[in-house]
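A.B. asks: Dropping the sequence and predicted coords here.
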Amino acid sequence: MDELRRQNYLRMMGVTQWRLRQSDSPEAIQQAVAEAEADVSLVERPAPAGDLIEPTVPVTTAVDQSDWLTLREQVKTCRQCGLRAGCSQTVFGVGNQQADMLVIGEAPGADEDRQGEPFVGRAGQLLNAMLLAMGFKREAVFIANIVKCRPPDNRDPAAEEALACQDYLLRQIVLIQPKLILSVGRISAQNLLQTDIAVGKLRGRVHAFGETNIPLVVTYHPAYLLRSPEQKSKAWQDLQLALSVLGPVSRDQGQA
């Protein structure tokens, strides 16, 4: 991706102050990551930005696809908590089923409940801009939520509701086998990391998720960034940190 295009995507996010001079240079990116977390030993420094990452065409077996279809049907018919009775449909998740990066949000809202897809409102537009600034089209990643049904009045999901959905999300993680999980928002981060620590203290470093120690980076929810635009520069540091973990190999994903 050329510098002009990158700056256009950053402007879409409403954060022209995020522009980095000589942002294609390894030194500038290293400095941005260092600001996010001075004591993190980064796995790899991001390669210079190239073209946007297109979604790959997964080469799935019949068994793989059957697993996804079975899981989707299980989610659709789930009655393990009371949320399903109060929403119009489930929000299973969308994207590349073999994605390097899995984005996990909190819970569906009204727009997501109507369309059956996560992050489709104003927060979704900002998330798309954040992904584009990283070099990813939306379709190149997989996007899911902690819970698959909208809580009434867009309230936070209760602990027992998140627990009821936990196995579905864990199964998605196993099927995708992502190289990185990007956790967006307090509900997402605290449930994934089993903690009550605030997002501001969880961001800025690389966590390990699950028995396979999948790298996990925490950042602010796009809805929060819309209310607190002064925090967008910190979110950009988080995205730079995520890119450093993914490394240059993933940035070739889907390119001819």
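C.D. replies: Looks like it came in fine.
A.B. asks: Which of the residues in the helix or strand containing Gln65 are classified as buried?
C.D. replies: Using DSSP states H and E, Gln65 sits within helix 62-76. By 16 or more other CB atoms under 10 Å, the buried positions in helix 62-76 come out as Asp67, Trp68, Leu71, Arg72, Val75. Every residue, glycine included, has its C-beta placed from N, CA and C.
A.B. asks: ok, of these, which one's closest to Cys87?
C.D. replies: Val75 (12.0 Å; CB to CB).
A.B. asks: wait, the closest one sits on Thr90?
C.D. replies: Yes - if you go by CB atoms under 8 Å, Val75 and Thr90 touch, sitting 5.2 Å apart.
A.B. asks: which residues are common contacts for those two?
C.D. replies: Lys148 (CB atoms under 8 Å, 6 or more residues apart in numbering).
A.B. asks: in stretch 151-171, what's buried?
C.D. replies: Pro151, Pro157, Glu161, Ala162, Ala164, Cys165, Tyr168, Leu169, Arg171.
A.B. asks: all strands of the stretch 101-250 of the chain, in order?
C.D. replies: Taking DSSP state E, counting those that start in this stretch as the test, the strands found in the stretch 101-250 of the chain are 101-105, 142-145, 180-184, 206-209, 214-219.
A.B. asks: Select, out of these, the one closest to Glu117.
C.D. replies: strand 142-145 (8.3 Å).
A.B. asks: just checking, what packs against the closest one?
C.D. replies: strand 94-95, strand 101-105, helix 159-176 (3 or more CB pairs under 8 Å, 6 or more residues apart in numbering; DSSP states H and E).
A.B. asks: what are the pairing partners of the shortest one, and which direction each?
C.D. replies: So the one you mean is strand 94-95. Strands that pair with strand 94-95, judged by DSSP bridges, come out as strand 142-145 (antiparallel).
A.B. asks: Identify the residues contacting the partner strand?
C.D. replies: With CB under 8 Å, 6+ apart, strand 142-145 has contacts from 91-97, 99, 101-108, 112, 118-119, 127, 169, 172, 176, 178, 188.
A.B. asks: If we use 6 Å, what do you get?
C.D. replies: Residues from elsewhere that reach strand 142-145 (CB atoms under 6 Å, 6 or more residues apart in numbering): 93-96, 99, 102-105, 107, 118-119, 172, 176.
A.B. asks: For that strand, list the C-alpha coordinates in CSV.
C.D. replies: This file holds the C-alpha atoms of strand 142-145, laid out as CSV (Å, rounded to 0.1, in the frame of the first residue of the first chain):
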residue,chain,number,x,y,z
PHE,A,142,-12.6,-13.4,10.5
ILE,A,143,-14.8,-11.3,12.8
ALA,A,144,-16.8,-12.7,15.7
ASN,A,145,-18.2,-11.7,19.2
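A.B. asks: That concludes my questions; thank you for your assistance.
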